[in-house]
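# Got a predicted structure here, sequence first:
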Amino acid sequence: MSGILEAARATLRANDRGGYTVPTARLYPFQWNWDSAFAAMGFATFDTARAWREIERLLEGQWADGMIPHIVFHAPSDDYFPGPAVWGTIHTPPTSGITQPPVLATAVRRLYDAAHDRADAEARAAAIYPALLASHRWWRRARDPDGRGFVAILHPWESGMDNSPAWDGAMARVPTETSTPIARRDTGHVDHRMRPRGEDYLRYIHLVDCFHAAGWEPARMYAASPFCMADPATNAILLRAERDLLELARRFGSVAEQAEIAARIERLREGLGTLWNARAGLWCARDLIDDAPVGVGISAGLLGLWARAATPAQSAAVVATLGRWAGRVRFLVPSTDPDSPAFEPLRYWRGPVWGMMNWMIADGLDWAGEAALAARVRADTIAVIDGAGLCEYFDPTDGKGAGGTDFSWTAAIRLLLAG
Ligand code: DGY
């Protein structure tokens, strides 16, 4: 096995805190929702039992209403802000009170399909299936109360793309007043130029305070939130996850549940379709407070192919968009359109390349019959990781690594790319 693959396995093992994986030591010392779904798929390449444990431990954080929180605080740590005391949610183990892109059902289906120990896979997946169903029902109920077809996020952290320029306009409306003192730890671990700005944090915490005041009750949060966005990534990932859940339901669910999931798929497919922006050649975010589309192109807007929701014309437009981006940077896929004035190649979600985004985009390109471009995206992903190490993200102009090091999902993606 090559050195980088050994390092990738070693990184997942080193980030293991007892059946769950931290994204990286210090910067993110707890279990994060979508990070864990990727970590599980990475573990599944060499340790299936450990992969299942990752998912089971994440589900220890699931709320009674079905929501799977974005952070599960299994064990205390002073390395992170905002910790459990700021969230003030009622759950054991302690959790945050918002969610993250629902990759989980996709990970479970993948583990289930690939597992050699069939009896074990049957038992584990059967136990997990109801939790996935409850989580997808929560998305529909809590995050599409108005029946728009797509689901909303109420905090940039729910997208996983904290400081994406797609949120700039909406975040400018979020007040900077907080009742919680800001005590950032992230900039003690990582160069501040690679992280969100101080003002961003005031608004992030304003939202947390607002939801805390709403008692973490979904309808009140939805009504009170000054930030309410349709994120093309969350919607595409949920649509893909619903398709994977439907496959699991054929084995573990009732006929009625299969029909229910199929109906949600149809509705979400139509909802995602309304986010398509023909001029930009990708799916765009939508601000649901002023009901206006957001023009800036982000890599999240390429995931309609991952969702199997693109028409041939849309796939062709996405290929053209990627071709244009490829003319501006050395490594695909920058998280922000490199022609946008908002593009910053090293600052968190404003430009860098992310391994797991690339992995999903490449999968979608293969589905669309664009094998050569899929291969290019995979080759670029391998090139930046093998060149710079298992970093959190990479500069698309020169491949330099940035953010945290020894990162779980980067390790997982490198293992998945090894076949
Ligand atoms: C952070 O703290 O940087 C995370 O993205 C929040 O989930």
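Yes, it's here. All values reported here derive from a predicted model rather than from experimental measurement.
# mind checking pLDDT for Met1?
Note for Met1: predicted pLDDT of 82.
# where's the residue of the chain found nearest the ligand relative to Pro196, distance?
Using CB to the nearest ligand atom, the closest approach of the chain to the ligand is made by Trp157 at 4.2 Å. The C-beta positions use only the backbone N, C-alpha and C, and glycine is treated the same way. Separation of Trp157 from Pro196 (CB to CB, to the nearest Å) stands at 10 Å.
# cool, Gly83 as well?
In terms of CB to CB, Gly83 sits 18 Å off from Pro196.
# What are the boundaries of the helices in the stretch 301-419 of the chain?
In the stretch 301-419 of the chain, the segments counted as helices under DSSP state H, counting those that start in this stretch are 312-326, 355-367, 371-388, 408-417.
# if we can go back for a sec, identify the contacts common to Trp157 and Pro196.
Tyr204 (CB atoms under 8 Å, 6 or more residues apart in numbering).
# The ligand contacts on the stretch 101-250 of the chain?
Trp157, Asp162, Asp186 (CB under 6 Å from any ligand atom).
# Now do the strands in the stretch 1-150 of the chain.
31-32, 71-72 (DSSP state E, counting those that start in this stretch).
# Point out the most buried one among these.
strand 31-32 (a mean of 26; mean count of other CB atoms under 10 Å).
# Just put the helices of the stretch 301-419 of the chain in CSV and tack on distance to the ligand, mean neighbour count and mean pLDDT.
Converted to CSV, the helices of the stretch 301-419 of the chain look like this (distance: least, CB to the nearest ligand atom, whole Å; neighbours: other CB atoms under 10 Å; pLDDT from 0 to 100):
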stretch, distance to the ligand, mean neighbour count, mean pLDDT
helix 312-326, 24, 17, 98
helix 355-367, 14, 23, 98
helix 371-388, 20, 19, 98
helix 408-417, 12, 26, 98
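# Could you pull up the residues touching Leu12?
Counting by CB under 8 Å, 6+ apart, Leu12 touches Thr21, Ala39, Gly42, Phe43, Ser408, Ala411, Ala412, Leu415.
# quick one: which of those residues is nearest to Arg330?
When those are ranked by distance to Arg330 (CB to CB), Ala411 comes first, at 22.9 Å.
# That closest one touches Leu390, doesn't it?
Yes: shown here, Ala411 and Leu390 form a contact pair, counting by CB atoms under 8 Å, at 5.0 Å.
# Give me the common contacts of these two.
Joint contacts of Ala411 and Leu390 (CB under 8 Å, 6+ apart) are Ala7, Ala8, Thr11.
# can you pull the contacts of the second one?
To tie it back to what came earlier, the one meant is Ala8. Under the criterion of CB under 8 Å, 6+ apart, the neighbours of Ala8 are Gly42, Leu390, Thr410, Ala411, Ala412, Arg414, Leu415.
# repeat that with 7 Å
Leu390, Ala411, Arg414, Leu415 (CB atoms under 7 Å, 6 or more residues apart in numbering).
# The first one reaches Ser408, doesn't it?
No: between Leu390 and Ser408 there is no contact, the gap being 8.6 Å when judged by CB atoms under 7 Å.
# and for the two, which residues touch both?
The overlap between the contact sets of Leu390 and Ser408 (CB under 7 Å, 6+ apart) consists of Thr11.
# Quick check: chain neighbours aside, which residue is closest to Trp167?
Pro156 (4.8 Å; CB to CB, 6 or more residues apart in numbering).
# Now do the one you found against Thr234, distance only.
Separation of Pro156 from Thr234 (CB to CB): 11 Å.
# before we move on, what about Ala125?
For Ala125, the distance to Thr234 - CB to CB - is 24 Å.
# Give me the more crowded residue out of those two.
Applying other CB atoms under 10 Å to Ala125 and Thr234 shows that Thr234 carries more neighbours, namely 28 against 21.
# wait, is that one part of a strand?
No: counting by DSSP: H, G, I helix; E, B strand; the rest coil, Thr234 falls outside a strand, being helix.
# what's the nearest residue to it if we skip its chain neighbours?
Nearest to Thr234 is Pro101, by CB to CB, 6+ apart, at 5.0 Å.
# For that neighbour, what are phi and psi?
With angles defined as degrees, to the nearest 10, Pro101 sits at phi -50, psi 130.
# shouldn't it be in contact with Ala236?
No: judged on CB under 7 Å, Pro101 makes no contact with Ala236 at a distance of 8.9 Å.
# Tell me which of these two has more neighbours.
Neighbours per residue (other CB under 10 Å) separate Pro101 from Ala236, with Ala236 holding more: 29 against 26.
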